[in-house]
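# Return a 3D structure for these sequence lines:
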Amino acid sequence: MENETIKVYRYRWLVLAAFVAEALMTQVLWITFAPITGAAAAFYGKSDLMIGLLSMVFMIVYILAVLPAAWAIDTWGFKAAVGLGAVLTAVFGLLRGIFASNYTVVLLAQVGIAAGQPLVIGAITKIAARWFPVRERATASGLGTLALYLGPLIAMLLTPYLFLRIGMSWMLHLYGFASVLSAALFLLVAREHPPTPAGRDERVLMFDGLRSMLRQRDFLFLLVMFFVGLGLFNSVSTWVEDIVRPRGFSISQAGALGGLMLVGGIVGAVVIPIISDKSRRRKPFIVLALAGLIPGLIGMTFAASYGLLLLSGFAFGFFLLSAGPIGFQYAAEITHPAPEGTSNSLLILMGQVSGIAFIMAMDALKDPATGAMTTSLLILAGLAAASAVLAAFVRESPVHGERSTVMEKRGS
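Take a look at the predicted model:
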């Protein structure tokens, strides 16, 4: 790389913060009903699977919308694409509260919110590339991905509390008001480009990039890893209460488990990408994440004591969710010059496809007498082990070993 002077702007952190707030709200609205599955089933007079559908519909819509959303991000730019997603989230988030007692309308509102979700979460690496220098991009992706974990964390902890104290209608109203505020913040703060580029980032058109990345062995392996890892996150998050209910744990304890799982993920998503950036290595951290989550998953499957359950959830989240931002950045690096929005969206797509399959399989494989999900959780642990082995065969990112000659000048 030729010597060049790059100016970076402090405003990049404000743009990233506004994005994080919006992405966070899409995730809160996605997983709202998971920690209160049994109570919501009683409220609406529906089965657990029908309440699960309120979360699963996001995965179904994502599969249909992912390529148009990736095209929008790479063609319109992240501000317009995320802005549209933010408006959809706000409008349909409010409708959930207005028609909170009507399951059909709430389900349709979930579809509307889900249509906006890929426009938002697919833009993580695009923002990193537009506003951040190369040496900060995994860190920026990590902080952007953090929102994907903070949202479910808030929902896991807050939803049982709000439901028990103010009821379903007011709870959904509050979430709707919050989604309006986050959309307004993003629309006011976001800028497509800094005044001067944050670094070289030449990209080809989306469909040319799509063809090239699908011919790369390492990217195909990464798709398989995200199929297992993100599908595992989606399915365990959806069924968190059902997983622990047969062992006598309450909805508040289920919410705390889901919350601590996400706290672990947040810690991992902040710390591990920073180490990855400093070492300029991606592969070892992906292998570590996939292998390290297995003991936590086994603990969540069998723990009878509340303390061990929480510890297992934290370990599971720490390793599993730390892989997300590193995987996104690794994909952007190995598929360059394909657009980041395309690689980002394809990886998430794999997790949505597997999430639907895993959610349905976990419900089908429940013990008919006790409702326990032990069999399906052990199968998922085996898939994680296989993915860790597969990760050992990918090549290191091309950023490894590079010694940047770029001089970065701080600006305001």
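
# From here on, just use CA atoms for contacts and neighbour counts.
Noted.

# How about the secondary structure of the residue nearest in space to the middle of the chain?
The centroid of the chain falls nearest to Leu148 when counting by CA atoms, centre = their mean (3.8 Å). On the three-state scheme (DSSP: H, G, I helix; E, B strand; the rest coil), Leu148 is labelled helix.

# tell me which element the nearest residue in space to Phe58 that is not next to it in sequence falls in.
Excluding the flanking residues, the one nearest Phe58 by CA to CA, 6 or more residues apart in numbering is Ala114, at 4.8 Å. Under the criterion of DSSP states H and E, Ala114 resides in helix 103-121.

# Show me what the helix or strand following that helix is packed up against.
For helix 103-121, the following helix or strand on the C-terminal side (DSSP H and E) is helix 124-131. The contact analysis (3 or more CA pairs under 8 Å, 6 or more residues apart in numbering; DSSP states H and E) places helix 124-131 against helix 137-189, helix 306-334, helix 340-364.

# can you state the direction angle for the last one and helix 306-334?
Same thing as helix 340-364. If you take axes from the mean of the first three to the mean of the last three CA atoms, to 10 degrees, helix 340-364 sits at 150 degrees to helix 306-334.

# Buried residues in the host helix or strand of Ile60, which are they?
Following DSSP H and E, one finds Ile60 within helix 48-76. Residues 48-63, 65-67, 69-74 are the ones in helix 48-76 that count as buried (16 or more other CA atoms under 10 Å).

# can you check stretch 167-180 too?
168, 170-173, 175-176, 178-180.

# roughly how far out does it sit from the chain middle?
With CA atoms, centre = their mean, to the nearest Å as the basis, stretch 167-180 stands 22 Å off its chain's centre.

# In a strand, Lys7, correct?
Yes - assessed by three-state DSSP, Lys7 belongs to a strand.

# mind putting the helices and strands packed on helix 124-131 in a markdown table, mean pLDDT and distance to Met225 included?
Formatted as a markdown table, these follow (pLDDT from 0 to 100; distance: least, CA to CA, whole Å):
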| stretch | mean pLDDT | distance to Met225 |
| --- | --- | --- |
| helix 137-189 | 88 | 17 |
| helix 306-334 | 87 | 9 |
| helix 340-364 | 82 | 9 |
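
# export those helices to JSON lines and tack on distance to Asn102?
JSON lines is the format used below for these (distance: least, CA to CA, whole Å):
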{"stretch": "helix 137-189", "distance to Asn102": "10"}
{"stretch": "helix 306-334", "distance to Asn102": "33"}
{"stretch": "helix 340-364", "distance to Asn102": "24"}
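
# Out of the ones you listed, which gets nearest to Ser252?
helix 137-189 (5.9 Å; CA to CA).

# distance between stretch 376-395 and the chain's centre?
On the basis of CA atoms, centre = their mean, stretch 376-395 is displaced by 19 Å from the centre of the chain it belongs to.

# can I get the CA coordinates of that stretch in PDB?
Extracted C-alpha coordinates of stretch 376-395, given in PDB (Å, rounded to 0.1, in the frame of the first residue of the first chain):
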ATOM      1  CA  SER A 376     -31.800 -30.900  20.400                       C
ATOM      2  CA  LEU A 377     -29.300 -28.900  22.500                       C
ATOM      3  CA  LEU A 378     -26.900 -31.800  22.400                       C
ATOM      4  CA  ILE A 379     -27.200 -32.000  18.600                       C
ATOM      5  CA  LEU A 380     -26.500 -28.300  18.500                       C
ATOM      6  CA  ALA A 381     -23.400 -28.800  20.600                       C
ATOM      7  CA  GLY A 382     -22.200 -31.400  18.100                       C
ATOM      8  CA  LEU A 383     -22.700 -29.000  15.200                       C
ATOM      9  CA  ALA A 384     -20.700 -26.400  17.100                       C
ATOM     10  CA  ALA A 385     -17.800 -28.900  17.500                       C
ATOM     11  CA  ALA A 386     -17.900 -29.700  13.800                       C
ATOM     12  CA  SER A 387     -17.900 -26.000  12.900                       C
ATOM     13  CA  ALA A 388     -14.800 -25.400  15.100                       C
ATOM     14  CA  VAL A 389     -13.000 -28.200  13.200                       C
ATOM     15  CA  LEU A 390     -14.000 -26.600   9.900                       C
ATOM     16  CA  ALA A 391     -12.700 -23.200  11.100                       C
ATOM     17  CA  ALA A 392      -9.300 -24.700  11.600                       C
ATOM     18  CA  PHE A 393      -9.100 -25.200   7.800                       C
ATOM     19  CA  VAL A 394      -9.700 -21.600   6.700                       C
ATOM     20  CA  ARG A 395      -6.800 -19.400   5.700                       C
END
